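Student: Whatever this is, show me its structure:
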Amino acid sequence: MPSSMADGTSTPVQVKVEDFPPEPTIAPEQPKVDVSRGINPPIQPESPNMKRRQSAIDDAHIASKGVSSPKRVKPQATVKILPQNYEHCEEEDMVVLIASMIAELIQRNDLLPPQNGVLTRFHSRSPPGISVLDYLRRLAKHATLKPPLLLSMVYYIDQLCASYPAFTITTLTVHRFLITAATVASKGLSDIFWNNSTYARVGGVKLAELGLLELEFLHRVDWKIIPKPEMLTDYYKGLIERNDRYRMEGDLSDESDELDDDEEESDELDTPEQTEIGIDANMRDSEADALNLKTKFGREETSQPRAP
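Tutor: This next block holds a predicted model:
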């Protein structure tokens, strides 16, 4: 035994560190990451300012994606029924009909090349800053133009174009022509009319210039300024046929539509009345072709009736 045991004292046993295996090091646990979602940060309470800011960001994000509110369906334009007699037509409807026709003329005539630089007294240096519709409304209101006078102004377009080849309705001539035609129609067809100073003020021209325009017009048309009532009726019908927003009361097209409906019902029922209705429809179509005088600004073109 060692001497230390004999003496009754013990000495500490020295143990080398190498005699024990090293303690394993445990790495901190890593959070599991979902590749599809990522790591969600802990939820923290948001302040009111942060909420408002986040709401604004969300709205901007939605707007960037093109998300818009559903569009409202526009109501279809209704067709207005006009009376058969032009004297009973409202002034506003007559103004719209005439302005629409003149706008088509201007759109077509402005594309035509100038006739060797020939200018008429009705030409202006530059187009006025008022539209034809607004200008015609102004004349009808302040110069008290009734439907017969307005239709006579359409008749004057054909009269002047036929007797004066250098004149055409364009953006440079339409305004001076309209005030001249309104003055001539009022003084020649109406029992009560204004003086030239009133027409000049309403039309926006000088008094002396209006007098020269009036004399030029009367000279070109050979003082033939009174149209026949039948001709005004043809003009009235032609204006309505050219405009999809209007239809004449008791129009033949309405009767033909009713006949078509009757034919469809007869086809479904398969009755002996089918032949009679078909013959009646053909007869009315031929009558409609014979009565339909399609005027093109005063130039009548009578269509021949079809064989039944």
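
Student: Below-threshold pLDDT in the stretch 51-200 of the chain: ranges please.
Tutor: 51-77, 116 (pLDDT under 70).

Student: what do you get for the stretch 201-308 of the chain?
Tutor: 252-308.

Student: what do you get if the cut-off is 90, keeping everything else the same?
Tutor: Scanning the stretch 201-308 of the chain with the threshold set as pLDDT under 90 gives 249-308.

Student: Just the buried positions in the helix or strand where K141 lies, please.
Tutor: Taking DSSP states H and E as the definition, one finds K141 inside helix 132-142. Within helix 132-142, the residues scored as buried using 16 or more other Cβ atoms under 10 Å are V132, Y135, L136, R137, R138, L139, A140. In this view, the C-beta of every residue, glycine as well, is placed from N, C-alpha and C.

Student: farthest pair in those residues?
Tutor: V132 and A140 (12.2 Å; Cβ to Cβ).

Student: could the buried residues of helix 132-142 go into a markdown table alongside distance to E230?
Tutor: Below are those laid out as a markdown table (distance: Cβ to Cβ, whole Å):
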| residue | distance to E230 |
| --- | --- |
| V132 | 27 |
| Y135 | 29 |
| L136 | 24 |
| R137 | 28 |
| R138 | 30 |
| L139 | 25 |
| A140 | 23 |
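
Student: just these now: which is nearest R220?
Tutor: R220 has its nearest neighbour among those in L139, at 20.5 Å by Cβ to Cβ.

Student: The residue nearest to L97 when sequence neighbours are not counted: how many residues sit nearby?
Tutor: Leaving aside its chain neighbours, L97 sits nearest to L239 (4.2 Å; criterion: Cβ to Cβ, 6 or more residues apart in numbering). For L239, the count of nearby residues is 25 (other Cβ atoms under 10 Å).

Student: likewise G238?
Tutor: With other Cβ under 10 Å as criterion, G238 counts 20.

Student: can you check the one 4 residues further on too?
Tutor: By the other Cβ under 10 Å criterion, the neighbourhood of R242 contains 15 residues.

Student: From L105, how far out is it?
Tutor: Computed as Cβ to Cβ, to the nearest Å, the R242 to L105 distance reads 11 Å.

Student: Then P127?
Tutor: 15 Å.

Student: What segments of the chain are helices?
Tutor: 3-7, 48-64, 91-109, 132-142, 147-163, 174-189, 196-203, 207-220, 229-242, 252-269, 273-291 (DSSP state H).

Student: Contacts only, for V184.
Tutor: Going by Cβ atoms under 8 Å, 6 or more residues apart in numbering, V184 touches Y156, E214, F217, L218, I225.

Student: 6 Å - rerun?
Tutor: F217, I225 (Cβ atoms under 6 Å, 6 or more residues apart in numbering).

Student: and T183, how many neighbours?
Tutor: 26.

Student: Next one: it from R247, what distance?
Tutor: Distance from T183 to R247, by Cβ to Cβ: 32 Å.

Student: again, but for F122
Tutor: In this view, F122 and R247 are 34 Å apart by Cβ to Cβ.

Student: So which of the two has more stuff around it?
Tutor: Neighbour count, other Cβ under 10 Å: between F122 and R247, F122 has more, with 24 against 16.

Student: With adjacent residues omitted, what lies nearest to F193?
Tutor: Nearest residue to F193 in three dimensions, chain neighbours excluded: S186, at 4.1 Å (Cβ to Cβ, 6+ apart).

Student: can you list the domains in the chain?
Tutor: What automatic domain parsing lists as the domains of the chain is 80-230, 251-308.

Student: Of those, which stretch is the most buried?
Tutor: Highest mean neighbour count among those (mean count of other Cβ atoms under 10 Å): domain 80-230, with a mean of 17.

Student: Could you give the separation between the terminal residues of it?
Tutor: Domain 80-230 has an end-to-end distance of 23 Å (Cα to Cα, to the nearest Å).
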